[in-house]
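**Q** sequence first, then the predicted structure, then my questions.
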Amino acid sequence: MLKKGSKLYSILTGTCPKCQNESMYLDKNPLHFNKILKMHENCSHCGLRYQIEPSFFYGAMYVSYGLNVAIGIAAFIISFVFFDSNLKVAFMVIIASLIVSFPFVLRWSRNIYINMFVSYDPTTKLK
C-alpha cells in the first residue's frame with residue numbers, strides 16, 4: 001500500500017511527487033512550527049520545481065478545508081455517538097482534534113495538492 005510510486009506514499013511522506021527520492025520540506029518534522037512550510041525550491045534528484053506557478057499552494061487551502069471538515073466530523077462521531085457525550089464535550093473534542101492535527105493538515109494539504117498535478121515517473125533521470 002505504501003510502496004514507492006504510489007500517490008499515497010508521496011502524500012504521507014512528503015516526498016517529491018515526480019521521483020519520490022527527496023523530501024519537499026527543509027525540515028521533515030512538522031512539529032517544528034517555525035519551519036513547517038519551508039520547502040526546497042527544486043528537487044535535487046529530478047529538478048522538479050515545487051512552486052509550479054506563483055501562489056501555487058493557495059489552492060491547498062481548499063484541500064486543507066476538506067481535511068479539517070473530515071477530521072471535525074470524525075471527532076464528532078467518535079465523541080458523540082461512540083462515547084455518548086453531550087454537545088458541549090463533542091464541540092471541545094472537535095476543537096482539540098483540529099488544534100492537534102493542525103501541523104499535519106498543513107503539510108498533507110500541500111502534499112495532496114501538488115500530487116493532483118504531478119505524477120510519479122519511474123523513468124526520471126537524476127539531474
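**A** The structure has been received and is ready for your questions.

**Q** tell me which element the residue most central in space within the chain falls in.
**A** The centre of the chain sits closest to residue 108, judged by C-alpha atoms, centre = their mean, with a distance of 0.6 Å. Using DSSP states H and E, residue 108 sits in helix 87-117.

**Q** show me what contacts the residue nearest to the centre of the chain?
**A** By C-beta atoms under 8 Å, 6 or more residues apart in numbering, the residues touching residue 108 are 11, 12, 63, 67. The way it works is simple: take the backbone N, C-alpha and C, and place the C-beta from them, glycine included.

**Q** and the residues you listed, which of them are buried?
**A** Neighbour counting over these (16 or more other C-beta atoms under 10 Å) leaves 11, 63, 67 as the buried ones.

**Q** residue 115 versus residue 63, what's the distance?
**A** 10 Å (C-beta to C-beta, to the nearest Å).

**Q** and what of residue 49?
**A** Distance, residue 49 to residue 115, using C-beta to C-beta: 15 Å.

**Q** out of these two, which sits in the more crowded spot?
**A** More crowded of residue 49 and residue 115, by other C-beta atoms under 10 Å: residue 115, with 18 against 12.

**Q** wait, that one sits on residue 11?
**A** Yes. Applying C-beta atoms under 8 Å as the test, residue 115 and residue 11 come out as touching, 5.7 Å apart.

**Q** in the protein, where is pLDDT below threshold?
**A** 1, 126-127 (pLDDT under 70).

**Q** hmm, try it at 80
**A** Within the chain, the stretches with pLDDT under 80 are 1-2, 124-127.

**Q** helices of that one, start to end?
**A** 7-13, 60-76, 87-117 (DSSP state H).

**Q** thought residue 60 was touching residue 112?
**A** Yes. If you go by C-beta under 8 Å, residue 60 and residue 112 touch, sitting 7.5 Å apart.

**Q** quick one: which of these two has more around it?
**A** Between residue 60 and residue 112, residue 60 has the larger neighbour count (other C-beta under 10 Å), namely 22 against 17.

**Q** which residues touch the more buried one?
**A** By C-beta under 8 Å, 6+ apart, the neighbours of residue 60 are 109, 110, 112, 113.

**Q** mind redoing it with 10 Å?
**A** Going by C-beta atoms under 10 Å, 6 or more residues apart in numbering, residue 60 touches 37, 67, 105-114, 116.
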